[in-house]
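the following comprises the amino acid sequence and a computationally predicted model.
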Amino acid sequence: MLGKVNHIAIAVPDLATATATYRDTLGATVSAPQALPEHGVTVVFVELPNTKVELLEPLGAASPIAAFLEKSPAGGMHHICYEVDDILAVRDRLVASGARVLGDGNPKTGAHGKPVLFLHPKDFLGTLVELEEV
Ligand SMILES: CC[C@@H](C(=O)O)C(=O)SCCNC(=O)CCNC(=O)[C@H](O)C(C)(C)COP(=O)(O)OP(=O)(O)OC[C@H]1O[C@@H](n2cnc3c(N)ncnc32)[C@H](O)[C@@H]1OP(=O)(O)O
Ligand SMILES: [Co+2]
């Protein structure tokens, strides 16, 4: 069902500081910030040879990462994103197995302009899972 790891996401309290850490301290290539109000986050992507790291900063009062950062104010690993071929087929199979799809259950357009869905961390070993159709 799962394809490649598309990205690993880290929630951060300050995107400029996090970008400087990856760009200046670790020498990585980091994309320009992208505000995504429909997701309640601003993101940058760290480009790596085999995958990407997504750095997430809260955007707006109802950001889904606000509670996470209250518990971990310095930031922390937030989710892992797997690529899938057919997101609706995967969703239906997971729901039939008892997994909880977050939100209204319908894919949203993610940071790469592709359909994405999130799965409840309590159903996947304490890890929030994002699926992205590629
Ligand atoms: C940029 C767009 C897109 C992309 O294309 O890449 C993105 O990545 S957007 C990223 C941000 N969006 C989301 O995270 C959407 C999905 N998230 C949610 O719906 C919610 O955040 C949540 C996962 C359902 C949690 O919300 P909520 O229930 O309101 O928070 P609680 O704090 O009450 O958490 C309940 C429970 O779950 C644990 N938890 C919460 N977040 C995580 C996490 N990221 N990883 C692991 N566990 C998590 C939390 O600790 C609570 O546990 P208990 O304390 O044991 O009850
Ligand atoms: Co993501």
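Sure thing, it's come through. All figures in this text were calculated on a predicted structure; none of them were measured in a lab. Numbering: from 1, shown residues only. Ligands and ions are numbered 1, 2, ... in the order given.

so which elements touch the longest helix seen in the chain?
Looking across the chain with DSSP state H, the single longest helix is helix 87-96. Packing partners of helix 87-96 (3 or more C-beta pairs under 8 Å, 6 or more residues apart in numbering; DSSP states H and E): strand 115-119, strand 128-133. In short, each C-beta sits where N, CA and C put it, glycine included.

can you list those in TSV and add mean pLDDT and mean neighbour count?
Formatted as TSV, the helices and strands packed on helix 87-96 follow (pLDDT from 0 to 100; neighbours: other C-beta atoms under 10 Å):
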stretch	mean pLDDT	mean neighbour count
strand 115-119	98	20
strand 128-133	98	21
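
looking at the ones you listed, which is nearest to ligand 2?
Set against ligand 2 and scored by C-beta to the ion, the helices and strands packed on helix 87-96 come closest in strand 128-133, at 4.7 Å.

alpha carbons of the closest one, as CSV, please.
Written as CSV, here are the backbone C-alpha positions of strand 128-133 (Å, rounded to 0.1, in the frame of the first residue of the first chain):
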residue,chain,number,x,y,z
LEU,A,128,0.8,10.9,12.9
VAL,A,129,0.8,9.6,9.3
GLU,A,130,0.2,11.7,6.2
LEU,A,131,-0.6,10.0,2.9
GLU,A,132,0.2,11.9,-0.4
GLU,A,133,-1.0,10.7,-3.7
